[in-house]
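Asks: my questions concern the predicted model and sequence given below.
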Amino acid sequence: MLVQAGYNAGVWSKRSLQLGALLLVLLQGCSAIEVRDEPMKTATDSVSTNEVVVMVKPPVKVSPTSEPLPQSVVPTQQPKPQSLAIVLIKGNENYQQIANAVAQRFAGESEVFELSSPAPQASEINRLKNSKHQQVLLIGAAAARWAVDLEDRHRVFAQVFNHQQEGLLEAGFSGVSMVPDADQLFSTWKTLAPNLTHVGIITGPQNEQTIAQIKLAGQRFDIEVLHREAANDKEMLYELKQLNEEVQGYWLLPDHRILSRRTMKDFMSISVKQGKQVALFNQQLLKYGGLMYVGADPDDIAQQAIVQLSTTGPSFRLLEKAVIEINQRAVEQLNLAL
């Protein structure tokens with residue numbers, strides 16, 4: 001029993017020496033580690049309650065492709081704007097409504113600059129250039145085209161259909177779409193004509209991004225959008241006749257490069273003879289047999305413009321609403337259900 005006890009004591013003594021040596025090594029290693037007396041952050045602690053975090057998508061390179069231009073998701077935010085110049089052409093009631101709606105929503109000071117048409121006066125241009133406004137909203141293609149050289153200002157355009165051809169995004173502008181919400185149009189159209197499957201659109205060149213967004217909306221309602229390009233009004237009417245056997249209706253967009261008053265009347269005359277359903281951007285054309293008027297809501301345009309004024313870097317926002325008026329007489333003539 002004594003021998004066994006002595007043996008056990010020797011074993012424990014040897015193990016104690018080994019453990020002691022191991023602890024010494026560990027303590028020496030820990031002395032090289034810097035310990036900070038800070039509480040561990042949790043997922044909710046990682047951002048202070050006063051800090052604003054903006055989720056930013058990678059920048060979009062704008063190129064003349066058929067891919068839709070993504071809706072801007074408030075890119076890099078800048079400080080709250082202090083003053084705004086709202087520029088529009090004189091005498092356009094629709095532009096004036098948009099200008100008024102923006103002025104009501106804008107948080108800072110705003111001033112309206114009305115330019116003469118077709119060419120602004122030098123005094124009008126100098127007045128704007130010499131103003132203190134660093135934010136500029138340009139309503140209409142003429143106003144936007146004139147402001148291309150205002151590179152030291154934050155510029156946002158609205159009511160410009162052919163912005164791709166004008167190269168506005170590449171020139172550093174941000175923009176708001178001129179086309180009403182296509183989902184709302186197609187939803188209403190499908191209610192009137194459940195069997196609608198093919199819609200034709202004819203525009204001038206370089207509208208790939210706008211058409212791509214419309215095609216995506218059509219797919220959500222099982223509608224195929226067939227797009228044709230025309231260089232002028234004669235080609236536009238030619239394409240209209242070529243699409244006759246392929247579509248049940250047309251969406252006439254406000255591309256004035258290929259439209260004149262006479263062309264629009266001819267378009268309606270041919271479409272009615274073909275028995276087509278036509279969605280129009282102009283209410284006055286309803287009397288020629290159009291099925292629906294579909295237009296943009298000035299308040300919606302103003303709201304999207306305000307969002308764009310709070311961002312930096314070229315980006316593009318789609319409209320979220322559509323103003324729709326249905327022609328009851330056309331519904332009856334086309335044997336549709338209202």
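Replies: Thanks, I have the structure now. Numbers count the residues shown, from 1 in each chain.

Asks: distance of residue 159 from residue 88?
Replies: Counting by CB to CB, to the nearest Å, the gap from residue 159 to residue 88 is 9 Å. To be clear about C-beta, it is placed using only N, CA and C from the backbone, and glycine gets the same treatment.

Asks: so what sits against both of those two?
Replies: Listed as contacting both residue 159 and residue 88 by CB atoms under 8 Å, 6 or more residues apart in numbering are 95, 98, 139, 140.

Asks: which residues touch the second one?
Replies: Taking CB under 8 Å, 6+ apart as the contact definition, residue 98 lies against 88, 139, 158, 159, 298, 301, 302, 305.

Asks: in terms of pLDDT, where does residue 82 sit?
Replies: In this model, residue 82 is scored at 73, pLDDT.

Asks: circling back to that earlier point, now the contacts of residue 98 as JSON lines including distance to residue 242 and neighbour count?
Replies: Formatted as JSON lines, the contacts of residue 98 follow (distance: CB to CB, whole Å; neighbours: other CB atoms under 10 Å):
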{"residue": "88", "distance to residue 242": "38", "neighbour count": "23"}
{"residue": "139", "distance to residue 242": "35", "neighbour count": "28"}
{"residue": "158", "distance to residue 242": "33", "neighbour count": "31"}
{"residue": "159", "distance to residue 242": "30", "neighbour count": "25"}
{"residue": "298", "distance to residue 242": "36", "neighbour count": "20"}
{"residue": "301", "distance to residue 242": "34", "neighbour count": "26"}
{"residue": "302", "distance to residue 242": "39", "neighbour count": "22"}
{"residue": "305", "distance to residue 242": "38", "neighbour count": "28"}
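
Asks: I'd like the next helix or strand past the host helix or strand of residue 137.
Replies: Assigned by DSSP states H and E, residue 137 belongs to strand 135-139. Using DSSP H and E, the helix or strand that directly follows strand 135-139 along the chain is helix 141-146.

Asks: partner strands of the helix or strand following that following helix, with direction?
Replies: As assigned by DSSP H and E, the chain's next helix or strand after helix 141-146 is strand 154-158. Sheet pairing for strand 154-158, assigned by DSSP bridges, gives strand 135-139 (parallel), strand 174-176 (parallel).

Asks: what would those look like in JSON lines with distance to residue 122?
Replies: Below are the strands paired with strand 154-158 laid out as JSON lines (distance: least, CB to CB, whole Å):
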{"stretch": "strand 135-139", "distance to residue 122": "18"}
{"stretch": "strand 174-176", "distance to residue 122": "27"}
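
Asks: can you redo those strands as JSON lines with mean pLDDT and distance to residue 265?
Replies: Output for these, formatted as JSON lines (pLDDT from 0 to 100; distance: least, CB to CB, whole Å):
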{"stretch": "strand 135-139", "mean pLDDT": "97", "distance to residue 265": "27"}
{"stretch": "strand 174-176", "mean pLDDT": "97", "distance to residue 265": "30"}
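
Asks: for residue 104, which of the ones you listed is the nearest?
Replies: Of all the strands paired with strand 154-158, it is strand 135-139 that lies closest to residue 104, at 13.2 Å by CB to CB.

Asks: give me the contact list for that closest one.
Replies: By CB under 8 Å, 6+ apart, the residues outside strand 135-139 that reach it are 81, 83-89, 95, 98-99, 102, 128, 144, 146-147, 150, 153-159, 173, 305, 309.

Asks: any idea how far it is from the chain center?
Replies: 16 Å (CA atoms, centre = their mean, to the nearest Å).

Asks: for it, which positions count as buried?
Replies: 135, 136, 137, 138, 139 (16 or more other CB atoms under 10 Å).

Asks: what sits against the residue nearest to the fourth one when sequence neighbours are not counted?
Replies: Of all residues beyond its chain neighbours, the one nearest residue 138 is residue 144 (4.3 Å), with distances taken as CB to CB, 6 or more residues apart in numbering. Applying CB under 8 Å, 6+ apart, we find residue 144 in contact with 138, 155, 157, 160, 163, 166, 168, 173.

Asks: which pLDDT value goes with residue 144?
Replies: 94.

Asks: any idea how far it is from residue 212?
Replies: 22 Å.

Asks: and residue 101, by the same measure?
Replies: Remark: distance between residue 101 and residue 212 (CB to CB) = 28 Å.

Asks: only alpha carbons, please: show the strand holding residue 137 as CSV.
Replies: Output of strand 135-139 as CSV, limited to C-alpha atoms (Å, rounded to 0.1, in the frame of the first residue of the first chain):
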residue,chain,number,x,y,z
GLN,A,135,-30.4,72.6,-58.0
VAL,A,136,-32.1,72.9,-61.4
LEU,A,137,-35.3,71.1,-62.6
LEU,A,138,-35.8,71.2,-66.3
ILE,A,139,-39.3,70.5,-67.6
